[in-house]
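In: I would like to see how this sequence folds:
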Amino acid sequence: MTLVPTAELMGNAVARGIGQGAFNVIHLETVEGLIAGAERAGLPLILQISENCAKYHGGLEPLALASLELARRASVPVALHLDHAEDEQLAMQAVDLGFGSVMYDGAHLDYVDNVAATARVTEYAHAMGVYVEAELGKVGGKDGAHAPGVRTDPTEAADFVAATGVDALAVAVGSSHAMTQRSATLDLELIGRLHQRLDVPLVLHGSSGVADKDIAAAIAAGMTKINVSTHLNGFFTRAVRRCLDTDPALVDSRKYFRAGRDALVPEAARLLTLFTTLEQDS
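Out: Here you go, the predicted model:
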């Protein structure tokens, strides 16, 4: 088990009718904690580095290379994905660095320009055997779509997939980015219609705001890739706070970052297991 193509993990999840967890990297400690969680669960993982994360670190390459190396050393299959890249060149750089997949987010563009830009990224990525995810209409939160009331139209989505050649599509079905309360209400009927209408896997962004039972219901309705970031960040941050509160004199960041890293492990394992529950119950 080692670094694998995203297409392999997505194909396996679709074939088995389960969800595939995709968890966001913030820094090296999250890479280590998330992989350890996947190893504890004995399940595959998609690691995601966002454009915002790359900007925070001053560029994509250093964190990407470290993540790729840790993925190669994992005892379970791990893929590396570029999340929410609005910069075409960044998406192409990720392809060149060896990412298994990229998400080009042209949702800030009008429809025609979004199609054209997404198609360019897809052509470049597919030439290197790299899987491509896109989004039609911004996912909510951070002034995006999947804001309350925003929904993906199945017919428009099918036209978009046909025009761009993407391999997976993030859809607006009621979730929202950066939620700290798990109170989002998903449109399960719409998920079912999108699943029937599209011949590519569906991606749920903003899953941190969705309760366990609703994520399971979304997977049953046809959702495949389940993105989680804020929810897991909360486990890391709360553990760091507890560590610092316990020892106010602590100055060695390795000690409180270890607490945060360790807190990710059981929750990452629990979520990955949750996403496979449907198969276990069948």
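
In: Select the longest helix from this protein.
Out: Ordering each helix of the chain by length in residues (DSSP state H) puts helix 253-274 first.

In: gap between the residue of the chain most remote from its centre and Phe99?
Out: Distance to the chain centre peaks in the chain at Ala249, reaching 36.6 Å (criterion: Cα atoms, centre = their mean). To Phe99, Ala249 is 41 Å away according to Cβ to Cβ, to the nearest Å. Every C-beta, even on glycine, is put in place using the N, C-alpha and C of the backbone.

In: what does Leu272 give?
Out: Distance, Leu272 to Phe99, using Cβ to Cβ: 20 Å.

In: and what of Leu65?
Out: Distance, Leu65 to Phe99, by Cβ to Cβ: 11 Å.

In: what about these two, which has more around it?
Out: The neighbour count for Leu65 versus Phe99, taken as other Cβ atoms under 10 Å, is higher for Phe99 (27 against 12).

In: Give me the pLDDT for the more buried one.
Out: Here, the pLDDT recorded for Phe99 equals 98.

In: Let me see the contact set for it.
Out: By Cβ atoms under 8 Å, 6 or more residues apart in numbering, Phe99 lies in contact with 64, 80-82, 130.

In: Among those residues, which one lies nearest to Arg16?
Out: Minimum distance to Arg16 across the contacts of Phe99 is 19.5 Å, recorded for His81 (Cβ to Cβ).

In: Tell me, how many residues neighbour that closest one?
Out: 26.

In: right, and it touches Tyr104 too?
Out: No - assessed by Cβ atoms under 8 Å, His81 is found out of contact with Tyr104, at 11.7 Å.

In: got any residues that touch both of the two?
Out: Glu133.

In: Start and end of stretch 238-256, how far apart?
Out: One end of stretch 238-256 to the other measures 11 Å (Cα to Cα, to the nearest Å).

In: neighbouring contacts of it?
Out: Applying Cβ under 8 Å, 6+ apart, the contact partners of stretch 238-256 are 257, 259-260, 262-263.

In: can you do 6 Å?
Out: The contact list for stretch 238-256 (Cβ atoms under 6 Å, 6 or more residues apart in numbering) reads 259-260, 263.

In: possible to save the residues you listed as a markdown table with neighbour count, pLDDT and distance to Ala170?
Out: A markdown table is the format used below for the contacts of stretch 238-256 (neighbours: other Cβ atoms under 10 Å; pLDDT from 0 to 100; distance: Cβ to Cβ, whole Å):
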| residue | neighbour count | pLDDT | distance to Ala170 |
| --- | --- | --- | --- |
| Ala259 | 20 | 97 | 33 |
| Gly260 | 23 | 98 | 28 |
| Ala263 | 21 | 98 | 28 |
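
In: Looking at those residues, which is nearest His57?
Out: Distances from His57 to the contacts of stretch 238-256, taken by Cβ to Cβ, are shortest for Gly260, at 17.2 Å.

In: which residue ranges form the helices in the chain?
Out: Under DSSP H, the chain gives helices at 6-16, 28-41, 51-56, 61-73, 88-97, 111-127, 154-164, 188-197, 212-221, 230-246, 253-274, 277-281.

In: Report the rounded mean pLDDT for the first one.
Out: Put plainly, it is helix 6-16. The model assigns helix 6-16 a mean pLDDT of 97.

In: Give me the angle between that helix and helix 212-221.
Out: Helix 6-16 and helix 212-221 are oriented at 90 degrees to each other (axes from the mean of the first three to the mean of the last three Cα atoms, to 10 degrees).

In: residues contacting His57?
Out: Contacts here follow Cβ under 6 Å, 6+ apart; on that basis His57 touches Leu63.

In: Could you list the low-confidence segments of the stretch 1-150 of the chain?
Out: For the stretch 1-150 of the chain, the stretches flagged by pLDDT under 70 are 1, 137-149.

In: Which pLDDT value belongs to Asp153?
Out: Value listed for Asp153 in the pLDDT field: 84.

In: quick one: the closest residue to Leu264 other than its chain neighbours from Ala259, how far?
Out: Spatial nearest neighbour of Leu264, excluding adjacent residues (Cβ to Cβ, 6 or more residues apart in numbering): Gly33 at 3.3 Å. Distance, Gly33 to Ala259, by Cβ to Cβ: 10 Å.

In: do Pro154 as well
Out: Distance, Pro154 to Ala259, using Cβ to Cβ: 45 Å.
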